[in-house]
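> Have a look at this prediction, sequence included:
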Amino acid sequence: MQTIETSNKKSKLKSLDTLFIKTYGCAMNVYDSSRMSDLMQQAYGLRIVDEPRDADVILMNTCSIRDGAENKVYSELGRYKLLKDKRPDLIIGVGGCVGQQEGERIQKRAPYVDIVFGPQTYHRLPEMVKEIRRNRVRLTEIDMPEIEKFDHLPKPKVEGLTGYVTIMEGCDKFCTFCIVPYTRGAEISRPPEDILEECRQLIDAGAKDISLLGQNVNAYRAEDADGNAVDFAGLLHLVGSLEGMQRLRFSTSHPMEMTTELCEAFAEIPALMPYLHLPVQSGSNAILKAMHRGHTREDYIRIIEELRLHCPDIALSSDFIVGFPGETEEDFEQTMDLVRHVHFDSAFSFKYSPRPGTPAAKAEDDVPEAIKSERLLRLQALLKEQSRLGMARQVGKTTEVLVEGKGKREGDLTGRTPDFRIVHFQGNPRLIGHILPVNITQAYDLSLRGELVIED
């Protein structure tokens with residue numbers, strides 16, 4: 001930990017009452033932000049506010065996956081500086097992957113930032129805030145203790161009907177384009193007993209849809225209290241059998257870790273929902289090798305075929321990068337061919353941009369920007385059409401919808417299908433929180449409309 005003294009002046013400090021958290025990036029960052037909130041509420045009784053101008057503590061939970069992540073952070077910090085100029089006691093913290101990656105450089109460039117911390121050290125926030133207020137120092141905490149933070153977190157809270165549980169941290173795959181192994185560290189799995197207990201707490205608090213999270217979630221491997229090995233498929237069976245577990249999901253997966261047992265789990269575990277996000281990135285074996293993905297297009301297609309053998313109606317989502325260094329038109333066409341072969345229900349697609357500190361950043365970014373843009377448009381048009389067809393195939397089906405809240409239309413409710421599609425329908429607000437059969441009558445680009453089959 002780096003400590004920098006900023007002032008010798010001691011004055012009476014006002015109490016801390018409010019907290020604002022700005023979250024960027026993945027579901028794990030959303031989970032981490034919720035736990036930061038729990039920690040600060042437990043330690044200081046802070047209430048969450050929607051605007052930074054109303055906060056006594058501002059925390060940024062950052063993501064370094066996409067291009068320009070650091071610039072976005074510094075731009076946001078510039079706005080916070082104006083607030084700090086008016087209120088010197090305002091505490092500003094930068095956490096997450098940009099915090100881990102940039103470390104002390106953040107405070108050199110933005111000396112008004114009080115705390116810089118990484119994804120593995122946010123459990124120390126209360127004590128860091130205490131030290132800052134007591135000793136007028138700036139702190140940097142970017143070490144990577146082995147999953148220590150989970151031993152210091154309070155009981156999780158549930159907002160709405162969904163809950164999230166991080167089951168492992170880090171990634172050992174070292175894809176050449178990805179910064180995650182350097183900002184999140186090596187793969188470390190939590191003990192299954194801890195995961196089960198956190199899931200029980202969420203169920204008791206009202207969660208009906210629980211997602212297990214990890215940078216590479218299906219790489220989970222741990223031992224139980226008796227010394228028995230538990231892999232990810234085994235963990236899913238344990239979590240899925242908990243009393244009160246209604247809907248179970250997980251994200252994000254890697255094709256290298258998709259075992260037969262995991263494919264079979266979709267048929268064997270009633271609570272496991274028929275939805276999988278499985279990034280492929282490219283359909284070209286040459287590009288997959290350059291990306292150090294560890295699998296081929298044939299491996300990926302075989303996995304999808306095995307999944308559909310056990311769960312024919314599974315909804316598939318994926319990630320794609322176009323314009324990776326060395327990608328030819330033929331390479332890109334192989335990606336398009338894979339998309340046509342698999343048929344995705346949804347996907348995220350991006351133009352390649354080098355991330356500082358990754359092996360791919362050393363290669364020449366030799367695909368012209370105009371070609372990247374043109375390929376991305378072609379890919380997104382195909383993916384959009386597949387998504388539209390997937391939505392259209394739902395019309396006429398009756399599906400179980402978890403009613404999550406009121407819709408925008410007068411009298412509407414909104415909810416999620418097992419395969420994670422949004423459904424709008426007319427209904428009484430007292431139905432919120434229930435899982436009910438809904439007949440799908442219309443399909444839109446991003447959602448469905450239906451009618452309740454039974455309303456009691």
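Perfect, I can see it now. On a predicted model such as this, the values are computed, not experimentally measured, just so you know.

> From now on I want contacts and neighbour counts done on CA atoms only, so please keep to that.
OK.

> For the stretch 101-250 of the chain, give me the ranges with low pLDDT.
Scanning the stretch 101-250 of the chain for pLDDT under 70 picks out the ranges 144-154.

> For Glu197, grab phi and psi.
When read as degrees, to the nearest 10, the backbone of Glu197 gives phi -70, psi -40.

> whoops, Gly160 was the one
Torsion angles, degrees, to the nearest 10, at Gly160: phi 80, psi -140.

> avg pLDDT for the lengthiest helix in the chain?
Scanning the chain for the helix with the most residues, using DSSP state H, yields helix 369-392. Across helix 369-392, pLDDT averages out at 97.

> tell me what it is packed against?
strand 315-322, helix 329-342, strand 346-351, strand 435-443 (3 or more Cα pairs under 8 Å, 6 or more residues apart in numbering; DSSP states H and E).

> could the ones you listed be laid out in TSV, adding mean neighbour count?
Below are the helices and strands packed on helix 369-392 laid out as TSV (neighbours: other Cα atoms under 10 Å):
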stretch	mean neighbour count
strand 315-322	20
helix 329-342	16
strand 346-351	18
strand 435-443	20
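
> could the ones you listed go into CSV alongside mean pLDDT and distance to Val129?
Output for these, formatted as CSV (pLDDT from 0 to 100; distance: least, Cα to Cα, whole Å):
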stretch, mean pLDDT, distance to Val129
strand 315-322, 98, 38
helix 329-342, 98, 48
strand 346-351, 95, 37
strand 435-443, 97, 43
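
> now those in a markdown table, with distance to Ser33?
A markdown table is the format used below for these (distance: least, Cα to Cα, whole Å):
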| stretch | distance to Ser33 |
| --- | --- |
| strand 315-322 | 24 |
| helix 329-342 | 34 |
| strand 346-351 | 23 |
| strand 435-443 | 28 |
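
> Residues contacting the longest helix of the chain, please?
Residues outside helix 369-392 that contact it (Cα atoms under 8 Å, 6 or more residues apart in numbering) are 322-323, 332, 336, 339, 343-347, 349-352, 442-448.

> now the angle from the next helix or strand after that helix to strand 435-443?
Counting by DSSP states H and E, the next helix or strand C-terminal to helix 369-392 is strand 398-406. Per axes from the mean of the first three to the mean of the last three Cα atoms, to 10 degrees, the angle that strand 398-406 makes with strand 435-443 is 100 degrees.

> how far out from the middle of the chain is strand 398-406?
From the chain centre to the centre of strand 398-406 is a distance of 23 Å (Cα atoms, centre = their mean, to the nearest Å).

> Tell me the strands beside it, with direction?
According to DSSP bridges, strand 398-406 forms sheet pairs with strand 412-416 (antiparallel), strand 435-443 (antiparallel).

> What's the mean pLDDT across that strand?
97.

> The spatially closest residue to Asn216 that is not a sequence neighbour - how many residues pack around it?
Nearest residue to Asn216, sequence neighbours excluded (Cα to Cα, 6 or more residues apart in numbering): Ser253, at 5.3 Å. Per other Cα atoms under 10 Å, the neighbour tally for Ser253 reads 20.

> all strands of the stretch 51-200 of the chain, in order?
In the stretch 51-200 of the chain, the segments counted as strands under DSSP state E, counting those that start in this stretch are 57-62, 91-95, 115-117, 137-141, 162-166, 168-169, 188-189.

> out of those strands, nearest to Lys72?
Among those, the nearest to Lys72 by Cα to Cα is strand 57-62 (9.5 Å).

> what's stretch 28-46 in contact with?
If you take Cα under 8 Å, 6+ apart as the criterion, stretch 28-46 is touched by 16-19, 21, 23-24, 47-48, 61-63, 96, 119, 122-123, 125-126, 153-154, 156-157, 164-166, 213-215.

> Filter those down to just the buried residues.
Among the contacts of stretch 28-46, the ones that count as buried by 16 or more other Cα atoms under 10 Å are 16-19, 21, 23-24, 48, 61-63, 96, 119, 122-123, 125-126, 153, 156-157, 164-166, 213-215.

> where exactly do the helices run in this protein?
Taking DSSP H to define them, one finds helices in the chain at 27-44, 69-86, 96-102, 104-109, 125-135, 180-183, 192-204, 232-240, 260-268, 285-290, 297-310, 329-342, 369-392.

> Quick check: which of these is buried the most?
Mean neighbour count (mean count of other Cα atoms under 10 Å) peaks for helix 96-102 among the helices of the chain, with a mean of 26.

> for that helix, packing partners?
Using 3+ Cα pairs under 8 Å, 6+ apart: helix 96-102 touches strand 57-62, strand 115-117, helix 180-183.

> Switch these over to CSV; also include distance to Ala286.
Formatted as CSV, the helices and strands packed on helix 96-102 follow (distance: least, Cα to Cα, whole Å):
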stretch, distance to Ala286
strand 57-62, 32
strand 115-117, 38
helix 180-183, 23
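
> can you tell me which of the ones you listed comes nearest to Ser284?
Proximity to Ser284 (Cα to Cα) singles out helix 180-183 among these, at 22.8 Å.

> contact partners of that closest one?
The set of residues external to helix 180-183 that reach it, using Cα under 8 Å, 6+ apart, is 65, 97-98, 100-101, 118-119, 170-174, 215.

> please redo it, this time with the cut-off set to 7 Å
The contact list for helix 180-183 (Cα atoms under 7 Å, 6 or more residues apart in numbering) reads 97, 100-101, 170-172, 174.

> what do you get for stretch 309-323?
Contacts for stretch 309-323 (Cα under 7 Å, 6+ apart): 263-264, 266-267, 274-282, 308, 344-352, 367, 372, 375-376, 419.

> Please apply the same query to stretch 278-289.
252-255, 296-297, 317-321, 327, 331, 334-335, 338.

> Would you pull up how far stretch 291-299 lies from the middle of the chain?
Averaging C-alpha positions (Cα atoms, centre = their mean) puts stretch 291-299 23 Å from its chain's average.
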